[in-house]
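Undergrad: 3D model of this:
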Amino acid sequence: MYSLSFAKSMQQKPSETVFVLICSSFSVTKNPEAKRQLLSAGFDLLDESEEWDLKPGGRYFFTRNMSSLVAFAVGEKYNSGNGFHVIAAHTDSPCLKLKPISASSKAGYQMVNVQTYGGGLWHTWFDRDLSVAGRVIVRSDDGSFSQRLVKVTRPLLRVPTLAIHLDRTVNQDGFKPNLETQLVPLLSTRFEDSQSESTNKDSKSPSKAWHHPELLKILSDELDCSVDDIITIELNVCDTQPSCLGGLNNEFIFSGRLDNLASSFCALRALIDSSSSPEDLSNEDTVRMVALFDNEEVGSNSIQGAGAPTMFQAIRRIISCLSDDKVGEGVVERVIRQSFLVSADMAHGVHPNFMDKHEENHRPKLQKGLVIKHNANQRYATSGVTAFLFKEIAKVHNLPTQEFVVRNDMGCGSTIGPILATGVGIRTVDCGIAQLSMHSVREICGKEDIDFAYKHFKAFYEIFSSIDRKLAVD
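TA: All right, here's what the predicted structure looks like:
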């Protein structure tokens, strides 16, 4: 949804990088800035539907559905059977999405019908300056079709709350809006001159009546195309307030969609910086990889989600490209056993006003390093062995870590870690940056934790092999 893009020099500390909000999950992978950073760092763009020609020392990436991405760097000394070191995260966040037929009107207002995506704190979307962003399928002059990204930066929409004078008990009973009838954004007052009706009648496509023509006109202006060339739209509602630093000492990052684009940002930045020169890969005998998936917030069961075999297929294709004819029996299985996955997803920092929601000995704090997540019922994929290995990396570089386990009388969320660990059979540790206000339209994390995560992820790529060799476990 929002993309935390690389808006300043890659030589800066990650926490000093300006986080520019690109209001769509598609922008994480097709955002021109992120793509430019990968290409300028020497990564070659691959097409999943074509043959690959990979070489040791090469750096590559591909995207799927404009919302998932796999990037990897091959060590110069890679041999068939050596492992992959992977950091995986998700690119999506709870949000509102336009319905296939979004146009409606009530009481003289033009409204935009939306679906709720994921488990959002929906009350936080009320009284915010909102807009739209996402993907549009456009017809070209030659009759072909292309997918285009669009983002309208100015406020277009708003979901107003009901005045307390008309809801006197809201502070006692709680704010419990009906998500179908009361979470409907306003677009404008209705045009009494029937401009909307005449525009729809003149359109060549009956589907144009599904969306307000004024909204389609705004999209066509952004895309520099005719309204009639817009074939279909796939739009999210997004907050227009930019990310910023806050707090007395500017120690916080205030932003939408930190869960989980902060992890995605740190992982991708760590891969780029750990393989930015030939020397970085000259003694490497593994493959360093980042895998970013969509749809985690709704179960990961999609072609672009972690439930799809995307990562396993990529690993298998890479092995095939880099192997000779005499690789021996079970090369893919041997590679998986040598591999390691870091599942990076934001963690619940202890809330000072609700401290009893955390187990008393496991209360992660902001600015105190990555949180290693544990759950005896396998809601997280961390084991004693994988936690030990990941903490050893931190110990070498003097980086702080924290531990988290949910209370026994509360339910536990999950991540893509167990999905990938089960589907691929790869050793996995679940970790994340501590944050507050998770799944709110506006979230909070510590500035220093971005740097800690980046350094920890970069060190994972650089020294994990040497640590792993010291441990003998089946």
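Undergrad: So which residues of the stretch 201-350 of the chain form helices?
TA: 213-223, 258-274, 278-282, 310-322, 331-338 (DSSP state H, counting those that start in this stretch).
Undergrad: er, the stretch 51-200 of the chain I mean
TA: In the stretch 51-200 of the chain, helices defined by DSSP H, counting those that start in this stretch lie at 170-173, 195-202, listed in chain order.
Undergrad: List phi and psi for P309.
TA: Torsion angles at P309 (phi, psi; degrees, to the nearest 10) stand at phi -80, psi 30.
Undergrad: isn't it right up against G423?
TA: Yes: P309 lies in contact with G423 (C-beta atoms under 8 Å); the separation is 6.9 Å. Glycine gets a C-beta too; all of them are placed from N, C-alpha and C.
Undergrad: Compare the helices of the stretch 51-200 of the chain and say which comes out lowest on pLDDT.
TA: Of all those, the minimum mean pLDDT falls on helix 195-202 (a mean of 51).
Undergrad: what's the burial count for the nearest residue to I164 once chain neighbours are set aside?
TA: Counting by C-beta to C-beta, 6 or more residues apart in numbering, V170 is the residue found nearest to I164 once chain neighbours are left out, at 6.3 Å. V170: 14 surrounding residues under other C-beta atoms under 10 Å.
Undergrad: which residues touch A453?
TA: The contact partners of A453, by C-beta atoms under 8 Å, 6 or more residues apart in numbering, come to P14, A262, S263, C266, A344, L370, I433.
Undergrad: One more pass at 10 Å, please.
TA: With contact set as C-beta atoms under 10 Å, 6 or more residues apart in numbering, A453 has these partners: 14-15, 87, 262-263, 265-267, 269-270, 344, 346, 369-371, 399, 431-433, 445.
Undergrad: For whichever strand or helix holds F390, enumerate the helices and strands it packs against.
TA: Element membership of F390, judged by DSSP states H and E, is helix 384-396. Here helix 384-396 touches strand 340-344, strand 370-374, strand 401-405, strand 427-432, helix 447-468, going by 3 or more C-beta pairs under 10 Å, 6 or more residues apart in numbering; DSSP states H and E.
Undergrad: pretty sure I433 is in contact with A267, am I right?
TA: No: with contact defined as C-beta atoms under 10 Å, I433 does not count as touching A267 (11.2 Å).
Undergrad: Any idea which residue is closest to the centre of this protein?
TA: Centroid-nearest residue in the chain: T91, 1.5 Å away (criterion: C-alpha atoms, centre = their mean).
Undergrad: and the gap between it and G247?
TA: According to C-beta to C-beta, to the nearest Å, T91 and G247 sit 27 Å apart.
Undergrad: and what of H362?
TA: Per C-beta to C-beta, H362 is found 24 Å from G247.
Undergrad: Name the residue in these two with the higher neighbour count.
TA: Each of H362 and G247 has its neighbours counted (other C-beta under 10 Å); H362 has more, 17 against 13.
Undergrad: Let me see the contact set for that one.
TA: Neighbouring residues of H362 by C-beta under 10 Å, 6+ apart: H348, V350, V371, K373, H374, Q402, E403, F404, V405, V406, R407.
Undergrad: right, and the secondary structure at it would be what?
TA: Classification of H362 using DSSP: H, G, I helix; E, B strand; the rest coil returns coil.
Undergrad: Need phi/psi at it.
TA: Per degrees, to the nearest 10, the backbone of H362 is at phi -140, psi 70.
Undergrad: on that earlier part again, could you dump the helices of the stretch 201-350 of the chain to a markdown table with mean pLDDT, distance to R36 and mean neighbour count?
TA: Below are the helices of the stretch 201-350 of the chain laid out as a markdown table (pLDDT from 0 to 100; distance: least, C-beta to C-beta, whole Å; neighbours: other C-beta atoms under 10 Å):
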| stretch | mean pLDDT | distance to R36 | mean neighbour count |
| --- | --- | --- | --- |
| helix 213-223 | 96 | 20 | 18 |
| helix 258-274 | 94 | 11 | 26 |
| helix 278-282 | 92 | 20 | 15 |
| helix 310-322 | 95 | 22 | 19 |
| helix 331-338 | 94 | 31 | 16 |
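Undergrad: Dump the ones you listed into a markdown table; add distance to P177 as well.
TA: Converted to a markdown table, these look like this (distance: least, C-beta to C-beta, whole Å):
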| stretch | distance to P177 |
| --- | --- |
| helix 213-223 | 23 |
| helix 258-274 | 22 |
| helix 278-282 | 51 |
| helix 310-322 | 36 |
| helix 331-338 | 47 |
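Undergrad: which one of these lies closest to F390?
TA: F390 sits nearest to helix 258-274 of all the helices of the stretch 201-350 of the chain, at 13.8 Å, using C-beta to C-beta.
Undergrad: now that closest one against helix 447-468, angle please.
TA: Helix 258-274 runs at 50 degrees relative to helix 447-468, counting by axes from the mean of the first three to the mean of the last three C-alpha atoms, to 10 degrees.
Undergrad: pLDDT at the closest residue to I272 other than its chain neighbours, what is it?
TA: Nearest residue to I272 in three dimensions, chain neighbours excluded: A41, at 4.8 Å (C-beta to C-beta, 6+ apart). What the model reports for A41 is a pLDDT of 90.
Undergrad: Tell me who's in contact with A41.
TA: Contacts for A41 (C-beta under 10 Å, 6+ apart) come out as M10, R59, F61, A71, A73, L271, I272, D273, S275, S276, S277.
Undergrad: Can you tell me which of the residues you listed are buried?
TA: Among the contacts of A41, the ones that count as buried by 16 or more other C-beta atoms under 10 Å are R59, F61, A71, A73, L271, I272, D273, S275, S276.
Undergrad: so which of the residues you listed comes closest to G143?
TA: When the buried ones among the contacts of A41 are ranked by distance to G143 (C-beta to C-beta), F61 comes first, at 30.7 Å.
Undergrad: Reformat the buried ones among the contacts of A41 as a markdown table; add distance to T240.
TA: What follows is these, written out as a markdown table (distance: C-beta to C-beta, whole Å):
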| residue | distance to T240 |
| --- | --- |
| R59 | 35 |
| F61 | 30 |
| A71 | 30 |
| A73 | 36 |
| L271 | 31 |
| I272 | 29 |
| D273 | 31 |
| S275 | 36 |
| S276 | 34 |
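Undergrad: can you tell me which of the residues you listed lies nearest to R427?
TA: Nearest member of these to R427, counting by C-beta to C-beta, is L271, at 19.0 Å.
Undergrad: Next, count neighbours for the residue lying closest to the closest one once chain neighbours are set aside.
TA: With sequence-adjacent residues excluded and distances taken as C-beta to C-beta, 6+ apart, L271 is closest to V290, at 4.8 Å. Neighbours of V290 under the rule other C-beta under 10 Å: 26.
Undergrad: V290 reaches F62, doesn't it?
TA: No: V290 is beyond contact range of F62, at 11.6 Å (criterion: C-beta under 10 Å).
Undergrad: Could you name every residue contacting both of the two?
TA: Counting by C-beta under 10 Å, 6+ apart, the contacts common to V290 and F62 are L69, V70, A71, F72.
Undergrad: Among the residues you listed, which one lies nearest to L54?
TA: For these, the nearest to L54 is F72 (9.0 Å; C-beta to C-beta).
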